[in-house]
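In: Model the structure of this input:
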Amino acid sequence: MKVLWAVSGGLPLFGGAQITCHAFLMGFRAQRGWDVVLATQHHRRSRGDLRSIPVETYRDLDELKSLVRRERPQVVIAALDAVPDALRVAARFGLPSVVYLHSFEYCPPTAEEIGAWGVSARRTYANDDVARWAVTAPSRLVVNSGFLADRMHERHHVAAAVVHPAIERPELRAGARRGSYVSGICGYRYKGADVFLALADAFPRERFLLVGDVDPALASAFAARRNVRRLGRAAVGRFLAMSRVVVVPSRWPEPFGRIAVEAMASGIPTLVSRTGGLAEIVGSSELGVDAFRDPAAWVQALEPLLGSPDLREAQGGLGRRLAEPFVRGDSTRVLAEMVVELARDAAPELDDRMLALCGGTTRATAYSMVNARWTSALAAQSGLRVADVETAAELGRAVPDVTVHHNFGDNFAEALFPDVGLLVAVRTWDFGPYPPAWVKRINEEVDLLVVHSTHVRRNAIASGIPARKVRVVPLGVDATTFAPTGPEYALATKKTFRFLFVGAPVVRKGADVLLEAYRKAFGPRDDVCLVIKDHPHDLFYEGAALRDRVREAARDPDGPEVEYICELLPPDRLAALYRACSVGVFPYRAEGFCLPILEAMAAGLPSIVPRFGAALDFCSAKTSLLMPVRRISLPVGRSMAINTLGFREEVEEVEFCETPIDTLVQQMRQAVAMARPRLARLSRAGVRVAQRFSWHDSAARLIGVIDGLGDRVPVRMQTQRANRARDAKRLAVAQRLLQGTG
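Out: Reported below is the predicted structural model:
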C-alpha cells in the first residue's frame, strides 16, 4: 500500500495539523509497513526525509499532478489548504481520497464568531462553493473531533467520521530536569494572549514561556513583561521539558487541542479552556476552565497549582490517564482500515493523458466545425482522453495535461485559461502583424501557438513571437465527402457557367470587389451565374455589411445573374454545390487559411485566387487561376473592431492584398472562355493536392505539436513560481522584522 498525504505549511514541520499528518504516516509505516510520502506546497522544490518519512514539496497544482503520477499512490489524503488541489488530482486519476479536517478551513467562523473568538477578520477562508465541494467530493470525510463533526453537520449537512489525531508520546530531552516555566502557545488573541499576559502580571515572580509565533500587534506587550521569555518555534519535547505547567487558554473552540494531549501525556499539569475539542479531551475534570475568556478564572485555577507540588503531581497523573486513549495508536489503526477499504475496489489511471479542447464543437461557425473534426480524430489517433468544452470555465476542477484553446468566441486578450497544464493556443490573425496585446499574452502564458498557414506564421514571428513557439497545423478536408464525383446541388439557375463564392459577404473576403467586377464583366444575357453561398447564423458575421448588396444584385433584372444561398449546408450538400459549379472565385484581402478553397479543390472545382497569403500553401499555377494583386502594408496605430461580436484590439499595422477590379474582370472572362481540357487539368491537379490535406493528417500534426511539448513546465507556471518565490522571500524578511528576530 502506498499513501500520499498532502498538507499545506508542512516545511518546516510546525503546527499541530502538520505534525498530526506526519504522525499518521509514521504510524502507517510502523503498524502496517506501508510506503508513504508527505507532500506539501512550498515556493521551492525539494525532496528529503523527516524522521524516515519522505517529504516532497510542490509549487502548484501542475507539480502536484506530476508528483502523484510519479509516486503512484493508491490513496490520497489531504488536509488544510492542500485539500482543493489534492481532490482535483485524485479525481483526475481516479484515486480514492480522504479529507482530514483539522480546523475551520471549510466551515469558517461567522462575523459574530470572529469577534467572540478573536481571530483576525483579515484571514481568508474558502468561499462557500469551494467549502461545500471540499467536504462532499472526497471518498471519505474525516474530522479530528466530535465538535468539528457536529459543526460540519450543522454547516454542510454532511456526516464526517471522527478520528482523533495520531499522537506519539512526547520524548522529553534526555536528562532534562523538571521544568520551571508556565508555558503556552499563546501569541495570538484567539490562542488566549490576553489570558497569558494577565497571568504573567498576576504572578510576577513566576517565569512564563511563550512558544511559537506572535501577532506583531502584541509583540510589544509580551516584550514589556520581564518575566515572559519568547522561545519562538521549538520542538515539542524541548519546550515541554522546560515546563512546570502548561496552559491552553484558547478563546476560540480549538477543533482538537494537540498540545494539551502532549503535555498531559508527559505528566505535566495542564489547564485548558473547556470548549471545542479541548472539552472532549478533559471532560468534566478540574483540568478544564469553564469561564475560559475571563483572566480572573485562570488566575484562580493556576494559583493552587503553582503553590502545591502535590497538586501538580496529582493533576499530572490525571492528565496522563485522560491522554492515554489518544496516544496508544487507535487513531492510526482506524484511519488505516479506512484506507484499506477505499483502495480495495479502486482502479486508478495514473498513466492517462487528458487533453481539453476549448471552443466547442456544435456552434454554427468555422472554428467549431474544425474542433469537431479534430475531436474525433484526436481520440481515434492519440489515445488522449479529450474533454470537449466551449470555454475553460466549463472544465471546472478538471486537471488537463494539455489545453488546446481554439475559440474565437472568446476575446483573446481576456480569455480564461485553465490554471493547470500546458497551453496551446490556436489563434490565427488575418491582417498581418498580431495585435500587441495578443503577442504579450502568447509570450507570457502560451506554450505554443498553432496557426494554419506559413503566411500567418511569418506574420506571428514578425510580431515578436519566438519562432520556436509557432507551429503550422493546416486544416483538412474529408476526401470521401468532398470528392469530384457525386451528386450535384440543384441550383435554380439555368446558366451553364457558374462561378461560386463560399463565405460571408464581407470586405475582408473581397465580396465588394467580386460584386463590382462581376457586374462589370458580364451582363444579364451572358450565360453566366454567380452563386454566393453564405449562412446567416455564423456568430462572426451576423449583420454582415454586404448582405443587402448581394440580395439587391440577386433581384436586379438589369445585371448578370446572381443566385444567393443563405443557409448552413451539411458537408455532403456543400460538396454537391462545389460539383455543381464551374469555377470558384475568392478575391480575399486577408485570410488565415480559407478552407472553402481547399474544399473546392477536393471536389474538383478550380478557383480564382489571389497570388498572396495563406492559400498559397496549397494553391499554385498548376491547381488554380492565380491573379496578381497589390500587397498593402499600412501603419494604423488605433483600436479596430475585429469581428461582429464587438471585440476590439489595438493594432499597430495591417497587411492585406487588394485585387484591382479590372484584374478580376479579366480573370473571370478568361475563366469563362477557357477550354474545358485546361479546366479539367487544373481540377485533377487540385484534387491530388487537396488529398494531402486530410483531417487525419491535420489531427496528426496537432498530436505531433502536443507530443513535442513533452513534460516541460508550462510558461505561465514558470512565471507564477518565480513570483511566489520572490514574494515568499520578501515575506520571510518582513516576518523576521516584525517578530524581532531579523
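
In: I'd say K191 and R251 touch.
Out: Yes. Using Cβ atoms under 8 Å as the test, K191 is close enough to R251 to be in contact (7.5 Å). To be clear about C-beta, it is placed using only N, CA and C from the backbone, and glycine gets the same treatment.

In: ok, the two, which is more surrounded?
Out: More crowded of K191 and R251, by other Cβ atoms under 10 Å: K191, with 24 against 21.

In: list the buried ones in the lengthiest helix in the chain?
Out: The longest helix of the chain (DSSP state H) is helix 715-738. Neighbour counts over helix 715-738 (16 or more other Cβ atoms under 10 Å) mark V715, R716, M717, R721, R724 as buried.

In: Show residues contacting stretch 623-637.
Out: Stretch 623-637 is contacted from outside by 432, 583, 587, 597, 601, 606-612, 615, 619-620, 651-660, 663-664, 667, 670-671, 682, 685-686, 689, using Cβ atoms under 8 Å, 6 or more residues apart in numbering.

In: Spatially nearest residue to the most centrally placed residue in the chain, not counting backbone neighbours?
Out: By Cα atoms, centre = their mean, the chain has its centre lying nearest to D419, at 2.1 Å. Using Cβ to Cβ, 6 or more residues apart in numbering and skipping residues adjacent in sequence, the residue nearest D419 is L61, 6.4 Å away.

In: Please, where are all the strands along the stretch 551-700 of the chain?
Out: Assigned by DSSP state E, counting those that start in this stretch, the strands in the stretch 551-700 of the chain fall at 561-566, 583-585, 607-610, 625-627, 630-641, 648-658.

In: among those, which is nearest D213?
Out: strand 648-658 (47.9 Å; Cβ to Cβ).

In: Now do that closest one: which elements does it pack against?
Out: helix 436-445, strand 630-641 (3 or more Cβ pairs under 8 Å, 6 or more residues apart in numbering; DSSP states H and E).

In: how about 6 Å then?
Out: Applying 3 or more Cβ pairs under 6 Å, 6 or more residues apart in numbering; DSSP states H and E, one finds that strand 648-658 contacts strand 630-641.

In: re earlier: relative to T57, which of the strands of the stretch 551-700 of the chain is closest?
Out: strand 648-658 (40.5 Å).

In: what distance separates that closest one from the centre of its chain?
Out: Centroid separation between strand 648-658 and its chain, computed with Cα atoms, centre = their mean, to the nearest Å, is 32 Å.

In: for stretch 23-31, same thing?
Out: On Cα atoms, centre = their mean, the centre of stretch 23-31 falls 33 Å from the chain's centre.

In: which residues of the stretch 551-700 of the chain score low on pLDDT?
Out: The model of the stretch 551-700 of the chain has pLDDT under 70 over residues 641-646.

In: Sorry, slip of the keys, the one I care about is the stretch 251-400 of the chain.
Out: For the stretch 251-400 of the chain (pLDDT under 70), the answer is none.

In: Do you have the helices of it handy? List them.
Out: Per DSSP state H, counting those that start in this stretch, the stretch 251-400 of the chain carries helices over the ranges 258-265, 276-282, 295-307, 309-327, 330-344, 366-382.
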